[in-house]
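S.K.: Mind folding the following:
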Amino acid sequence: MDLVLETPRLILREMRHEDAEALFEMDSNPNVHTYLWQKPCVEIQEVYDYIEMVQKQYQERGIGRFSTILKETGELIGWTGIKFVNDHVENGNTNFYDYGYRLNEKFWNKGYATEASKAWLKYGFNTMKIKTMNAYTHAQNGASNHVLQKVGFQFIEDYPDTHGVTWKWWQLHHDI
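M.R.: From the prediction side, this is the model:
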């Protein structure tokens, strides 16, 4: 993929195999997975498999999660981006655009998630012509819920997953 988005502090670019170590550092941290099914990565191969899956999404859908790089230092701080969800049902939905992000803990609370979110929503609505963007967060993840609200998502409803964990379903509509 040739897509690269830039914000004042971030570069959003396709995920590559050379990102694996930084992504593994993030995804092996139990704190990062507090609101993500409590399953941190234990082997770097899990990250390589994830990168392969994301690259397949680029080929099939022209979009997917992107590595998010801090311009000032060149550090990979996590991933952000739009994904077309057609591999499972979430809150009774499939075949929808989902906005999501995951950041390394050392980059939390610095406004990066909000900054990346604004860039992705602009791209999704203005370039991809998406009419409805969805997102879902763990009900107790106050920081992520706040970011989504801050960038314009509307809370739709709480819903339980198959394990009885409560999630929040969010939507943002764009009239084209």
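S.K.: When you work out contacts or count neighbours from here on, use the C-alpha atoms and nothing else.
M.R.: OK.
S.K.: Please pull up the helix or strand immediately following the top strand by length along the chain.
M.R.: With DSSP state E setting the assignment, residue counts place strand 76-85 as the longest strand in the chain. Along the chain past strand 76-85, the next helix or strand (assigned with DSSP states H and E) turns out to be strand 96-103.
S.K.: Flag every buried residue along that next one.
M.R.: Judged by neighbour count (16 or more other Cα atoms under 10 Å), strand 96-103 contains these buried residues: 96-103.
S.K.: what do you get for stretch 71-90?
M.R.: Result for stretch 71-90 [16+ other Cα under 10 Å]: buried residues 76-85, 90.
S.K.: JSON lines please, covering these and showing distance to Thr137.
M.R.: Output for the buried residues of stretch 71-90, formatted as JSON lines (distance: Cα to Cα, whole Å):
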{"residue": "Leu76", "distance to Thr137": "22"}
{"residue": "Ile77", "distance to Thr137": "20"}
{"residue": "Gly78", "distance to Thr137": "17"}
{"residue": "Trp79", "distance to Thr137": "16"}
{"residue": "Thr80", "distance to Thr137": "14"}
{"residue": "Gly81", "distance to Thr137": "15"}
{"residue": "Ile82", "distance to Thr137": "15"}
{"residue": "Lys83", "distance to Thr137": "15"}
{"residue": "Phe84", "distance to Thr137": "16"}
{"residue": "Val85", "distance to Thr137": "15"}
{"residue": "Glu90", "distance to Thr137": "11"}
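S.K.: related to what we said a few turns ago, the longest strand of the chain to strand 96-103, inter-axis angle?
M.R.: In this structure, strand 76-85 runs at an angle of 170 degrees to strand 96-103, with axes from the mean of the first three to the mean of the last three Cα atoms, to 10 degrees as the basis.
S.K.: tell me what strand 76-85 is packed against?
M.R.: Other elements packing on strand 76-85 under the criterion 3 or more Cα pairs under 8 Å, 6 or more residues apart in numbering; DSSP states H and E are helix 20-27, strand 65-70, strand 96-103, helix 112-122.
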